[in-house]
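Participant: generate a structure from the sequence data that follows.
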Amino acid sequence: MSKFVLEVENLSASYRKNIVLEDVNFRVKQGSLTGIVGPNGAGKSTLIQTLLQLHPSLTGKVEFFNRPFNKSKQSIGYVPQRGSVDWDFPTNALDVVVMGLYGKIGWLKLPSRAHKRLAYEVLEKMDMVKYADRQISQLSGGQKQRVFLARALVQDAEFYFMDEPLVGVDAATEKAIMEILKELKTNGKTVMVVHHDLQTVEDYFDHVLFLNKTVIEHGKTSSVFTTENISRTYGGKMKWAMEEGSHVVDTR
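Facilitator: Now for the predicted structure:
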């Protein structure tokens with residue numbers, strides 16, 4: 001059996017006639033916490049959506065745990081971008097978290113008291129129990145992100161994908177989310193995160209995947225997070241400087 005929990009070979013995808021991913025190849029080991037970084041339009045969100053069959057691929061092979069996605073999807077959790085969610089949908093925070101259990105409950109069955117207890121436990125972990133009955137439209141940006149992370153965590157998945165979970169959240173929420181992600185890694189879970197802030201990559205992730213339509217570099221952060229790879233990935237879309245070994249980056 002392969003030691004890799006995700007293997008991607010020659011993956012390509014497009015929007016209409018525009019190629020957004022081309023010849024993407026990488027492998028991910030169990031228990032890693034990987035930041036996916038690259039400029040706007042690099043295909044970061046499309047990569048996750050294609051891996052999870054939410055967007056069609058043109059070519060390529062994807063295997064999770066040595067199996068195709070449709071035979072391993074119960075082991076995978078996903079937190080989408082907050083902007084892609086209909087926050088006006090009439091439901092409360094507890095119900096959103098319970099939705100993460102529908103793979104185990106079944107769509108035509110009602111959640112049991114035990115299921116709701118699990119959801120409450122995860123909300124407590126995210127410091128959101130007091131908002132369990134609040135409509136999601138009434139939550140702040142950081143609170144919404146905590147609820148969506150709780151929905152993923154309640155699945156008790158082996159592999160988590162998170163699409164920019166730290167965008168638009170306050171410092172306390174960012175710290176809480178990263179503590180949870182690092183705890184997942186410590187417990188042997190595998191996490192891949194689309195991330196936009198290069199200044200925190202070295203503190204947050206043990207692996208980094210540089211993406212700009214194709215994989216520019218992928219590996220341990222201590223080895224591949226270099227000014228050369230940053231420059232190769234962002235090209236003319238960034239300005240960067242070095243101050244005592246730290247990356248100070250403007251990716252606008």
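Participant: got the CA positions of the helix or strand hosting residue 77 in PDB?
Facilitator: If you go by DSSP states H and E, residue 77 is part of strand 76-79. Extracted in PDB, the C-alpha atoms of strand 76-79 (Å, rounded to 0.1, in the frame of the first residue of the first chain):
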ATOM      1  CA  ILE A  76     -12.900  13.600   3.300                       C
ATOM      2  CA  GLY A  77     -14.100  16.900   4.800                       C
ATOM      3  CA  TYR A  78     -14.400  20.200   3.000                       C
ATOM      4  CA  VAL A  79     -14.800  23.800   4.100                       C
END
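Participant: contact partners of that strand?
Facilitator: Strand 76-79 is contacted from outside by 48, 52, 64, 69, 100, 148-149, 151-153, 155, 157-163, 165, using CB atoms under 8 Å, 6 or more residues apart in numbering. (Glycine included, C-beta is placed from N, CA and C.)
Participant: helices and strands around the helix or strand following that strand, which ones?
Facilitator: Next along the chain after strand 76-79, taking DSSP H and E as the criterion, comes helix 93-99. In terms of contacts (3 or more CB pairs under 8 Å, 6 or more residues apart in numbering; DSSP states H and E), helix 93-99 is packed against helix 113-125, helix 141-153.
Participant: so which of those is the most packed in?
Facilitator: Burial of the helices and strands packed on helix 93-99 is given as mean neighbour count (mean count of other CB atoms under 10 Å); helix 141-153 ranks first at a mean of 23.
Participant: distance check, the spatially most central residue of the chain against residue 34.
Facilitator: For the chain, residue 162 is the residue whose C-alpha lies nearest the centre (CA atoms, centre = their mean; 1.5 Å). Plainly put, residue 162 is 10 Å away from residue 34 if you go by CB to CB, to the nearest Å.
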